[in-house]
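A.B. asks: Quick one: sequence plus predicted model below, questions after.
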Amino acid sequence: MRRSISARLSFWIVLAAALLFFATSLYLSRIWRVAIRNEVDKDAVQIIDNAGYRVDDILEDVERTANVLSWFVTRDLQKPGFMVTHSNNTLRYDSKLNSCSISFEPWYYPSKGEFYSIFSWRKSSGEVVWEQEGDADYRYFDKIWYQLPKQRGEACWTDPYNDVVANDDPDMNTEMLVSYCVPILDGDTFVGSISLDLTLPQISAELKNIKPYENAFCILIGRDGTYLVHPDEGKLLYHSIFSDADELGAPEMRELGEAMQRGEKGRWELMLDGQLYFVYYQPIPTTGWSLGIFCPESEVFYGYDRLQRNLIMSLLAALLLMFLLFVWLIRRQLAPLGKLASEADYIASGNFDRPLPSIRRNDEIGQLNRSFGNMQSSLVRHIRELTESTASRERMERELQIARNIQMGMVPHDFNLGKKVDLYASMVPAREVGGDLYDCFVQDGKLYLCIGDVSGKGVPASLFMAVARAMFRIVAREGVSPAEIARRINDTVSEKNDQMIFVTMFLAAVDLNTGVMEYCNCGHNAPVLFPGPDKAPAFLDCLPNTAIGIANGFNYEGQRIDDMRGKILFLYTDGLNEAENSEHEQFGNERMLACLGDGPFLDARTLIDRLSTAVASHVADAEASDDLTMLCLRIYR
């Protein structure tokens, strides 16, 4: 089925535009994603910095409050009753605090007994209450918030822990706390500890509000990687980032936890539940904790991906519309071309006079229409001339074939010349007609024969050949010698020979009774003589007479062999030894003599057939360069 050029052209144009657009879009997509990622990095770093600042603000407020309280406690160290006032006032002053403890070494105040620890806390109503804690069941000086500043000798934050305050007050319950602990010193001696307590939900509430994306979340891990803040509250204090990494089989998560443990700040890419997250983390220097924000990659690029999808859908719709528009426009512009193609098909089928459609346009289609019109006129004229020239050539070929038949009819084909004569000849013109000739006949007991090669080829050579052969017959029938025959032919054809056409000839007369052979070689190739059927062939000795038709009045000299009986004479033209193959290599005299001596002599025809086969094999597909004529003679006793 033939496809419309408008559809194909539109398809390739739209395809090229689509490829160009998609290549550009792919390049820009990479640039935009990198730009968006860089912008997200900046925003995330700013967000996590702000989150860190908020946590730091909470912790620094607690630290400042603790330092003020420490000053008052140290000042009133000898007034144990003031500790209640200082503890309660601290909670009233700082609303973020959940509870406050001012605790002393056992028996520090002998009047107070072994345990003296003032514990104040805030009720749900906001009222601040206190109690003195410590007994055999609750040895406060064994708690982490008491031991840590004692061991370190400086203020510090504890990791989160559960502390239970059990009494009949319904507001008292188990809390997950983190405490800032300050040692109480009497001079250089540790005498107690101040503990200001925050609940983890207070810190978590600050971080849960940090959601740069809908499904983003924050974590806060302690020094050992334990979760202090996590969206899944069931993991607080009981799970760590390392236990989750082992459970999920995520070594990248363990590497992230180790980096956060080392107090590093940076960005990480982490795969969780088939979702890629960008993780931004930084340390909380005052506590040794580390804060991390997890941002889903799908939400980071959600707006961009949605824009890209909408852009691709819009592009596909635009390309389809462009394709349909191009098909319509191109089809409209190429409509005359379709008409021209249809008319051209009619012309191609032989209707050369069919008129072409009228297309009045000055563009390439109009020019093509005019060119077709010119071509149609030229084609009609050319066909008429071709018909005439073909008829003329066919007439000439018929005439040449007739001339060839006449020429081939002029040479003898019946070689039955008597029991004493074994003679055979062949002639193959290089063209329709040629310039080689041979002849033979018996008269008054003598065999007259000749072979010749006219200079040139074609019709002129064939006419000259006909004249030479006819004169040979006329003169030879007078019974004169071969030399005399050559002289008379030469004097006749050389007169008014303005074209300087000549013929090389070998003429001979053999007495069939005595075997005497008289011969005259007129510039022709020396014949080959077999002294006997089993003797090696050799070239016959010939005098250097000139070719016939060159010099009027030339005196030709003849030669003689006393007895030709039992001998073999082979005559040929130069179409044999000078036959060339496709590599311009000649058959040559050596190959010719080798072929003549190859095998026993059976008869004249067999010898000529052997030479013909050898020459044909040598020439192969190459075009014949000259006429080829051969004649073989053997005289029996």
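C.D. replies: Cool, got the structure.

A.B. asks: Sheet partners, orientation included, of the longest strand along the chain?
C.D. replies: The longest strand of the chain (DSSP state E) is strand 174-186. Under the criterion DSSP bridges, strand 174-186 sits next to strand 156-157 (antiparallel), strand 161-164 (antiparallel), strand 189-199 (antiparallel) in its sheet.

A.B. asks: So for G445, which of those sits nearest?
C.D. replies: Of all those, it is strand 156-157 that lies closest to G445, at 152.5 Å by C-beta to C-beta. Yep, even glycine has a C-beta here, placed from its N, CA and C like the rest.

A.B. asks: all strands for the stretch 451-600 of the chain, in order.
C.D. replies: Secondary structure of the stretch 451-600 of the chain (DSSP state E, counting those that start in this stretch): strands at 503-511, 517-522, 528-530, 538-539, 559-561, 568-572.

A.B. asks: Please parse the protein into its domains.
C.D. replies: The record, using automatic domain parsing to delimit domains, assigns the chain the ranges 320-410, 412-635.

A.B. asks: Turn the ones you listed into a markdown table, including mean neighbour count and mean pLDDT.
C.D. replies: Formatted as a markdown table, these follow (neighbours: other C-beta atoms under 10 Å; pLDDT from 0 to 100):
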| stretch | mean neighbour count | mean pLDDT |
| --- | --- | --- |
| domain 320-410 | 13 | 69 |
| domain 412-635 | 18 | 89 |
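
A.B. asks: would you turn those into TSV with distance to E105?
C.D. replies: Formatted as TSV, those follow (distance: least, C-beta to C-beta, whole Å):
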stretch	distance to E105
domain 320-410	87
domain 412-635	123
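
A.B. asks: Which among those is found nearest to Q202?
C.D. replies: Proximity to Q202 (C-beta to C-beta) singles out domain 320-410 among the domains of the chain, at 59.5 Å.

A.B. asks: now the end-to-end length of the closest one.
C.D. replies: 83 Å (C-alpha to C-alpha, to the nearest Å).

A.B. asks: and what of stretch 100-120?
C.D. replies: Chord length of stretch 100-120, first to last residue, is 5 Å (C-alpha to C-alpha).

A.B. asks: Could you list the buried residues of that stretch?
C.D. replies: Residues 100-105, 108-109, 112, 115-120 are the ones in stretch 100-120 that count as buried (16 or more other C-beta atoms under 10 Å).

A.B. asks: swap in stretch 246-254?
C.D. replies: Within stretch 246-254, the residues scored as buried using 16+ other C-beta under 10 Å are 253-254.

A.B. asks: would you put the C-alpha positions of it in CSV?
C.D. replies: Extracted in CSV, the C-alpha atoms of stretch 246-254 (Å, rounded to 0.1, in the frame of the first residue of the first chain):
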residue,chain,number,x,y,z
ASP,A,246,19.2,-4.3,62.2
GLU,A,247,15.5,-5.0,62.1
LEU,A,248,15.1,-3.5,58.6
GLY,A,249,18.4,-4.9,57.2
ALA,A,250,19.5,-1.3,56.3
PRO,A,251,23.3,-0.8,56.8
GLU,A,252,22.9,2.7,55.5
MET,A,253,20.7,3.5,58.5
ARG,A,254,23.4,2.3,60.8
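
A.B. asks: still on that earlier bit, just the buried residues of stretch 100-120: which has the poorest pLDDT?
C.D. replies: Sorting these by pLDDT puts K112 at the bottom of the list (88).

A.B. asks: Next, the contact list for that residue, please.
C.D. replies: If a contact means C-beta atoms under 8 Å, 6 or more residues apart in numbering, then K112 has P80 as its contacts.

A.B. asks: Next one: it from Q132, what distance?
C.D. replies: Per C-beta to C-beta, to the nearest Å, K112 is found 8 Å from Q132.

A.B. asks: ok so, going back, what's the closest of the strands of the stretch 451-600 of the chain to I210?
C.D. replies: Taking those one by one with C-beta to C-beta, strand 568-572 is closest: 115.3 Å.

A.B. asks: For the closest one, which strands pair with it and how are they oriented?
C.D. replies: In its sheet, and by DSSP bridges, strand 568-572 pairs with strand 528-530 (antiparallel), strand 628-635 (antiparallel).

A.B. asks: looking at those, which is closest to K457?
C.D. replies: strand 628-635 (12.0 Å).

A.B. asks: can you give me how far the closest one is from the chain middle?
C.D. replies: Here the centre of strand 628-635 is set off from its chain's centre by 68 Å, with C-alpha atoms, centre = their mean, to the nearest Å.
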